[in-house]
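Enquirer: sequence and predicted model, in that order:
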Number of protein chains: 8
Amino acid sequence: MRVLIIMGSESDKPVMEESQKYLQYFGIESEMVVASAHRNPDKVRELCITAQEKGFGVVIAAAGMAAALPGVVSAYTSLPVLGVPLEGGLPGGVDALYSIVQMPAGLPVGTLAVGKAGARNAAVLCARILGLGNKDVAAKVEAFKQNGYRI
Amino acid sequence: MRVLIIMGSESDKPVMEESQKYLQYFGIESEMVVASAHRNPDKVRELCITAQEKGFGVVIAAAGMAAALPGVVSAYTSLPVLGVPLEGGLPGGVDALYSIVQMPAGLPVGTLAVGKAGARNAAVLCARILGLGNKDVAAKVEAFKQNGYRI
Amino acid sequence: MRVLIIMGSESDKPVMEESQKYLQYFGIESEMVVASAHRNPDKVRELCITAQEKGFGVVIAAAGMAAALPGVVSAYTSLPVLGVPLEGGLPGGVDALYSIVQMPAGLPVGTLAVGKAGARNAAVLCARILGLGNKDVAAKVEAFKQNGYRI
Amino acid sequence: MRVLIIMGSESDKPVMEESQKYLQYFGIESEMVVASAHRNPDKVRELCITAQEKGFGVVIAAAGMAAALPGVVSAYTSLPVLGVPLEGGLPGGVDALYSIVQMPAGLPVGTLAVGKAGARNAAVLCARILGLGNKDVAAKVEAFKQNGYRI
Amino acid sequence: MRVLIIMGSESDKPVMEESQKYLQYFGIESEMVVASAHRNPDKVRELCITAQEKGFGVVIAAAGMAAALPGVVSAYTSLPVLGVPLEGGLPGGVDALYSIVQMPAGLPVGTLAVGKAGARNAAVLCARILGLGNKDVAAKVEAFKQNGYRI
Amino acid sequence: MRVLIIMGSESDKPVMEESQKYLQYFGIESEMVVASAHRNPDKVRELCITAQEKGFGVVIAAAGMAAALPGVVSAYTSLPVLGVPLEGGLPGGVDALYSIVQMPAGLPVGTLAVGKAGARNAAVLCARILGLGNKDVAAKVEAFKQNGYRI
Amino acid sequence: MRVLIIMGSESDKPVMEESQKYLQYFGIESEMVVASAHRNPDKVRELCITAQEKGFGVVIAAAGMAAALPGVVSAYTSLPVLGVPLEGGLPGGVDALYSIVQMPAGLPVGTLAVGKAGARNAAVLCARILGLGNKDVAAKVEAFKQNGYRI
Amino acid sequence: MRVLIIMGSESDKPVMEESQKYLQYFGIESEMVVASAHRNPDKVRELCITAQEKGFGVVIAAAGMAAALPGVVSAYTSLPVLGVPLEGGLPGGVDALYSIVQMPAGLPVGTLAVGKAGARNAAVLCARILGLGNKDVAAKVEAFKQNGYRI
């Protein structure tokens, strides 16, 4: 199963490439798309509705400021959704953090730390999730641990 | 022109009825719908896409916690959108406040205070907006001012 | 109808010129004035009391720190007032944000994001408001949407 | 010299009567007026412009939420202005605190703690200020100190 | 695969039983253990090291205040770990939220909202994760969605 | 009457020289002393106990981080005490702000904005206070106002 | 060696009796005094200057709001000083927390959690400190651990 | 008795060398180890369990972000544990501060200020603690005080 990485803006790429780099380490294929819950809601919807049938197993969604994207993704797919809050608005990205982690009951977004640490951890959490059903990925998760959690 | 009031949850009604009560004072018809950006994204989309042709002039959107609704409404309609952050998550509703006010450039949500004060002010701001093209509403706005900003 | 942009200080100009640039895109004339609720209260009062008769349809008010300007403008005019919190005091401009968005019931300020994103969105919200009664502006709002919410 | 106590709303009275009670202890006459910078800006202006000639020496201004009152009072009078942030909006009254204390250079508001402690301390600070030119008040300030800072 | 629910204190049970109730709905067996990263670090370690071989597929860890538990669990297991911040210390549980979500790169904790909403969503995210490899659970996830995200 | 400016550290001088510069404009003599409530408590005590007899009329106290100085000064003198929170610890100086403004009932510190704006306003508030009993200072306060609140 | 517990106000007693109760468990004698850094600075000074010669080994200082007490105690004694922030001002006691923990370099206050948890932990930390030189106390610290960190 | 300094990451060294430099001034031997509660939990456990028998008297633990280290250290040793929150995550290191200071009852971490001030003060507090049983260290503590709390 592959991982779909959706981010709200082109400018989020340098951070979210950390997710992709880490996923590569774990031998997990990923696809990175820029699509905003606000600028391209129909594109987000389409991406999410078709994600499962296209072979995606997890979606990573990253956004800054009023970061609606991860929650909206969670609404349109039944796959596990991981959220990465990004800086750009209030200092430290607390606006994005609260917008992502405080989801109402029923629609979970597994939220990681703000910024690069979160982008990397989203990938590691994908590996742990996909490792449940994929021995190669699971072996890589153990190798990662042996390597001091570094790629 | 009428006002569409969308709120994320049945439990938001006691607060948002303040909007409706104030709109009535200004002689503005309104329709109140419960539809969540997370639980019913397609319903929200449908409501917004058809809002203008149904005669709505302004949309008031209210939500608590990771309050994506007002921003998503702003994405699906070209009408002015006013946002009311509600309590229910972090103390004082700061999660909802940040989720609503910190919209990225291009997709505005005119945000009011958290809770009842905001619900009332959303209605007053509707009256000021619709009063630009409707003398009866404009007269009511003046009467409201003369009355000490009370209905 | 034109838009009146009031800002508390000369130093706010680089941010608020974003409002003006966006308003130009929508074909909306604007006038930009520096007037502080604290330094020039009578000038603010005069500007607001005469705004409607001078042909203004919306007022954008921007200020930093203890940002009283937008609320005071809302007290002196019956036009819709949009507020833009600016940085300069506490990190991220949270002092200005709270001073603008937390208006008591009766006197609304439709508040946008802190800084440039907010300055741009204040203009876009003006366009949505004035587009209710002006087909040219409304057409521009649609063009803006088609253009990916960029000018 | 007397002290003028202005508060934004009738509902602030129970807190601000603490100021009055403390001023009485110090033998300082006071007058308490409800006038909002938003609801009654002209009344506030009139009160402030005439305060000095009416024999007031200090103004205490108290408000909650987007608490513009103390700053506006400081703009309309050259008397020392003391500000008391009140609860009612965000938890702990931090919105009022930031709206009052973060005044830009040139227009000071000497800000006290949120709520009753602040209301009492505004009175004590009045006594210290007026005690500079009034021996009876100065004696009362010393008596207050001897009494463990209690009235 | 079963879900292991670890919470820091007996007093967390009323909140975390929400996780268990939701897991039951999805047909996922769970085991609930009280073990604190501070009071019983060796018990936590033992639970985590043996979790995978005992048939657990996901660990939910919940704690309040200086909530070290979820991160420590993530250190001792390679299973996906979901964290639920609980109230009890600073208002709204922000101390627990920051202690859980801000994990350094390498050791992810998928963090949910503070309190009951988070406890429920941790279960739903478990269902989405385990549904990747279990058709019965996946069917339940769809049924949950059809039922308006309610059990 | 002169003004005593006490600051907690040599490094606070560049900010607090703003107070001195503004006091000079108003024709008010001042003395600037570095004395910390923590490093030199007895020096602070001595300075405060003798302040009135040495001809000081107001004390400005400035400190950063756990800013105990203004409150301790208020405890040792009966003169009006103005507090200026300084940056250096938590972002924006909120630690200093809370440490200064949140004084318990009985011991007031009239608190100004964090940093340079506060340092300037402390001087302006001194001028308003001393202007109550000094016509030259009062005239300067009016001149300052006429000059747009600039020196 | 005994422990001196100083608290800023009579109303802090119910919380600080937790310290005393825990110290009794560890067989450590304590003395509890109400003395405020603001209301009774000379009493605080006297208590601290003589603490060591009176046989005290550690001082616990507790206060709310602008909590200067622990820092001032640290200035007047060379004994280890532990600080307990108390509620009463801003929600959760964050004003007290910042006022105590953010001490400048040179004058440490070992700060514990806000409220009862902190009051208890101040006692436990005293026991760990005094246990370094007292085998009975050290044995009690081990017994406390065996007992699940409960008395 | 020596002091054990544990920090979560190599990158914390420049800050924590301040602790070591100050300890040297007081004539206290120290050992500095990089060991993370998340990356090397067993190393941390081993270090703590053997700390007392190796002659350590106090442990200083420093970490940033979700700073579990100090609390985990407190769980594995009965020595006094001092915590230093470090920047690196949310602005000002508030995530680390809350993760360290808000320990539940029973397991104290004496917390110092964020960053270098805290690193220095951890050393000074060690000196005050070890000075209780070591006259040379106690003399150094007095010399430090005479020297204006500088080394």
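Expert: Perfect, thanks for sending it.
Enquirer: for the residue in chain A that chain F sits nearest to, grab the count of nearby residues.
Expert: Residue of chain A nearest chain F, by CB to the nearest CB: A:Pro91 (6.5 Å). Where you see a C-beta, it was placed from the backbone N, CA and C, and this is true even at glycine. By the criterion of other CB atoms under 10 Å in any protein chain shown, A:Pro91 has 18 neighbours.
Enquirer: touching, it and C:Gly93? I think so.
Expert: No - contact between A:Pro91 and C:Gly93 fails when scored by CB atoms under 8 Å: they sit 9.5 Å apart.
Enquirer: the residue most central in space within chain A in helix, strand or coil?
Expert: Nearest to the mean C-alpha position of chain A, by CA atoms, centre = their mean, lies A:Ile60 at 1.6 Å. At A:Ile60, secondary structure determined by DSSP: H, G, I helix; E, B strand; the rest coil is strand.
Enquirer: need the contact list for it.
Expert: A:3-6, A:16, A:19, A:81-84, A:122-123, A:126 (CB atoms under 8 Å, 6 or more residues apart in numbering or on different chains).
Enquirer: can you do 6 Å?
Expert: Counting by CB atoms under 6 Å, 6 or more residues apart in numbering or on different chains, A:Ile60 makes contact with A:5, A:19, A:82, A:122.
Enquirer: which of those fall in strands?
Expert: Mapping those onto strands (DSSP state E) picks out A:5, A:82.
Enquirer: that older thread, need the contact list for the residue of chain A closest to chain F.
Expert: By CB under 6 Å, 6+ apart, A:Pro91 lies in contact with C:91-92, H:91.
Enquirer: for D:Ala139, state which of those is nearest.
Expert: Nearest to D:Ala139 out of these is C:Pro91 (CB to CB; 45.1 Å).
Enquirer: need phi/psi at the residue nearest to A:Gly8 when sequence neighbours are not counted.
Expert: In space, and not counting its chain neighbours, A:Gly8 is closest to A:Ala63: 3.7 Å by CB to CB, 6 or more residues apart in numbering or on different chains. The phi/psi pair for A:Ala63 (degrees, to the nearest 10) reads phi -160, psi 160.
Enquirer: A:Val124 too?
Expert: Dihedral angles (degrees, to the nearest 10) for A:Val124: phi -60, psi -40.
Enquirer: what count of nearby residues applies to it?
Expert: 28.
Enquirer: cool, and the one 10 residues further on?
Expert: The number of residues packed near A:Asn134 is 20, by other CB under 10 Å.
Enquirer: residues near the nearest residue to it once chain neighbours are set aside, how many?
Expert: Excluding the flanking residues, the one nearest A:Asn134 by CB to CB, 6+ apart is A:Met1, at 7.6 Å. Here the count is done by other CB under 10 Å, and A:Met1 has 18 residues near it.
Enquirer: go ahead and confirm A:Met1 touches A:Lys54.
Expert: No - at 10.2 Å, A:Met1 does not count as touching A:Lys54 under the criterion of CB atoms under 6 Å.
Enquirer: quick one: name the residues of chain A near chain H.
Expert: Residues of chain A found near chain H (CB under 6 Å from any CB of the partner chain) are A:91-92, A:149.
Enquirer: same thing but at 8 Å, please
Expert: A:91-92, A:94, A:113-114, A:117, A:148-149 (CB under 8 Å from any CB of the partner chain).
Enquirer: for A:Tyr98, give its distance to A:Ala66.
Expert: 10 Å (CB to CB, to the nearest Å).
Enquirer: so the two - more neighbours on which side?
Expert: Neighbour count, other CB under 10 Å: between A:Tyr98 and A:Ala66, A:Ala66 has more, with 33 against 29.
Enquirer: make sure that one is actually in contact with B:Pro104.
Expert: Yes - applying CB under 8 Å as the test, A:Ala66 and B:Pro104 come out as touching, 7.1 Å apart.
Enquirer: pick out the lowest-pLDDT one from the residues of chain A next to chain H.
Expert: Least confident of these in the model: A:Gly148, at 93.
Enquirer: before I go, just wanted to say thanks for your time.
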